[in-house]
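[1] below are the sequence and a predicted model; questions follow.
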Amino acid sequence: MQIYMVGGAVRDKLLGRPVNDHDWVVVGATPEQMLKLGYLPVGRDFPVFLHPETREEYALARTERKSGRGYRGFVVQSSPDVTLEEDLSRRDLTINAIASSADGTSATGLFDPYLGARDIAARVLRHVTDAFREDPVRILRVARFAARFTDFTVAPETMQLMREMVQHGEADHLVAERVWQELARGLMEEKPSRMFEVLRECGALQVLLPEVARLWGVPQRAEYHPEVDTGVHLMMVLDMAARLQSPLTVRFACLAHDLGKGTTPADVLPRHIGHEERSAALLKDVAERLRVPVDCRETAEVVAREHGHIHRSNELSAAALVRLLERCDAIRKPARFADILLACECDARGRLGFEESAYPQRPRLLAVLGAVQSVATRDIAAQAAAKGLSGPQVGTLIHQARVAAVARWQHTRSEAD
C-alpha cells in the first residue's frame, strides 16, 4: 500500500497558496484492507474512506470508463492493480494531476507524468487527456479555476475541446445541482467575470444560462453606462461584488439583476423601460431551473425588481421611502435588506469610471430603516386596541407613524446639511 497527496493540495503548495484541504490516493490496497486499518467508508459510487483520526478523505486508485451521457455516465473500476499514473490520467487539468509523497514536504518528490508543474509555472489551464471530454462538469470546473487563478489562461486545445463538447450536446445533460454548485463556487472566486467569459467563449453559457448570454451586445444609455454593453456591465458588477467581499446571496443577485435588458424590444433601445419586472420574471425561471437556494433567489428577486428605485431613493418622499422598505420587507428582514443594498452598490459602481465612487444610498437607506425601527409599534397597537380599533386600522396607524418618523429624520438631516 502506498499513499500519495494529490490534487489541489499539491497544486496550491506549488503556487504558494494556503492549503485548506488534503486529498489522498491509496495505491495497491483493497477496501477490506482499509477497513481493517480503521478507515471509515463514505464513497457511494467508488471506494473513498475517512482517516480514523484526521477524517481526511482517502480514495483508492481508480479508473473510469464512459458508459453514457452526462457526468454520471461512468463505470468506475478500483483495484490494487490500478497505478498512480492511471489514477491521475482521469483528472481534469494537468495542474490537478500531480501527486507527492504522503508528507508533502517538498517538490522534489513530485510524481508529475502530465507536466502539471510546468503548466503551473506557465500559468496555463490544460486538460490531461482526451478523456476530459467524457465529463461535461469539467467545462464548469475550468471556468471556475479561471475565476480563481486570474493570471492563468485556458490552453487553446482545451478551449477547442470544450467547444466540441458543447457542440456535441454534452452540456445539455448537466444536472441542475452540479451546475448550481459550480456556478456558486465560481461566483465566490477572486474574479467571477472570468468564469462567465470562459463559458461564453466555449458556448456553454448559451446552453446553461441563455438569459445571461444574450446580454452581450445589448446597448445601454451611455450617460448612465459609459461601458454601454450590458454584458460588459454585468461582468464589472460581478467583479465589484468580489472586490467588496460580498456573500453568495449578493453575488447571485448581481448576476440576475439586469436579465430583463436582454428582452428589451430593439425599437426602444438603448432605453430599458420596465426591465426590472422582466428581470424578476426571468430570474424566477433561472432559479427554478437550477434549483437555486431560497435565500439567494429571494434576495435576487428584490434586487431585480427594486434596484432602480433604490438608486433613485434620494429623490423619494418619506411616504415613498417607507413603501420602498415595505416592498423590500426590510423591517422584518433587516440583514437581507443590507445585502440588497450591497448588491445595488455593486451595480452602481460596476460601471466604467464609477469604480471608486461613493454610493450614499446605502448608508442613507440603512439610516431610514433605523428611523422606521424606532417606532414603538406595540404602544401604537395597544392604544388602538383601547379605542376599539383592530386589523388594517392598526396597520394604517403604524404605517403613518413610520412615515412621520422618516419625515422627522429627513428634516433633521436637511438642517444638518
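    The structure has been received and is ready for your questions.

[2] tally up the residues packed near the closest residue to W216 other than its chain neighbours, please.
    Spatial nearest neighbour of W216, chain neighbours left out: G231 (3.2 Å); criterion: CB to CB, 6 or more residues apart in numbering. Every C-beta, even on glycine, is put in place using the N, C-alpha and C of the backbone. Other residues near G231 number 23, with proximity taken as other CB atoms under 10 Å.

[3] and G231, how far is that from V19?
    Applying CB to CB, to the nearest Å, the value for G231 to V19 is 35 Å.

[4] what's next to the top helix by length along the chain, contact-wise?
    Longest helix of the chain, by residue count under DSSP state H: helix 392-416. Outside helix 392-416, the residues within contact range by CB atoms under 8 Å, 6 or more residues apart in numbering are 318-319, 321-322, 326, 367-368, 371-372, 374-375, 377, 380-381, 384-385, 389.

[5] off-centre distance for that helix?
    Put simply, helix 392-416 sits 38 Å off its chain's centre (CA atoms, centre = their mean, to the nearest Å).

[6] residues in contact with the residue nearest to W216?
    Per CB under 8 Å, 6+ apart, neighbours of G231: L215, W216, G217, V218.

[7] quick one, which of those are buried?
    L215, W216, V218 (16 or more other CB atoms under 10 Å).

[8] how about residues contacting stretch 168-184?
    69-72, 133, 136-137, 139-141, 143-144, 165, 195, 203-204, 207-208, 248, 252, 289-292.

[9] filter those residues to the buried ones?
    70-71, 133, 136-137, 139-141, 143-144, 165, 195, 203-204, 207-208, 248, 252, 290, 292.

[10] just those: which are in helices?
    137, 139-141, 143-144, 165, 195, 204, 207-208, 248, 252, 290.

[11] which two among the residues you listed are spaced furthest apart?
    Farthest-apart pair in these is M165 and L248; separation 27.1 Å (CB to CB).

[12] what's the span of stretch 270-278, first residue to last?
    With CA to CA, to the nearest Å as the measure, the first residue of stretch 270-278 is 16 Å from its last.

[13] and the average pLDDT for that stretch is what?
    Averaging pLDDT along stretch 270-278 yields 95.

[14] on that earlier part again, which ones among the contacts of helix 392-416 lie within strands?
    Using DSSP state E to define strands, no part of the contacts of helix 392-416 is located there.

[15] which of those are buried, as a PyMOL select command?
    If you want just the buried ones from the contacts of helix 392-416 in PyMOL, going by 16+ other CB under 10 Å, the selection is:
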select buried, resi 318+321+322+368+371+372+375+377+380+381+384
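
[16] now do R291, the pLDDT please.
    97.

[17] E189 contacts A242, correct?
    Yes. Between E189 and A242 there is a contact under CB atoms under 8 Å: 7.2 Å.

[18] related to what we said a few turns ago, phi and psi next, for the residue nearest to W216.
    phi -60, psi -40 (degrees, to the nearest 10).

[19] and the gap between it and V292?
    Distance from G231 to V292, by CB to CB: 21 Å.

[20] and the nearest residue to P52 once chain neighbours are set aside, which of the three is it?
    What sits nearest to P52 in space, not counting adjacent residues and going by CB to CB, 6+ apart, is G38, at 3.8 Å. Local secondary structure at G38 is given as coil here, using DSSP: H, G, I helix; E, B strand; the rest coil.

[21] circling back to that earlier point, from the ones in helices among the buried ones among the contacts of stretch 168-184, which is closest to L110?
    R141 (21.9 Å).

[22] what is the burial count for the nearest residue to the closest one once chain neighbours are set aside?
    Distances taken as CB to CB, 6+ apart place D92 nearest to R141, at 5.5 Å, with adjacent residues excluded. Close neighbours of D92, defined as other CB under 10 Å, add up to 22.

[23] let me see the confidence value for D92.
    94.

[24] got the buried residues for stretch 337-356?
    Buried, per 16+ other CB under 10 Å, within stretch 337-356: 337-351, 354.

[25] fine, thanks again, bye for now.
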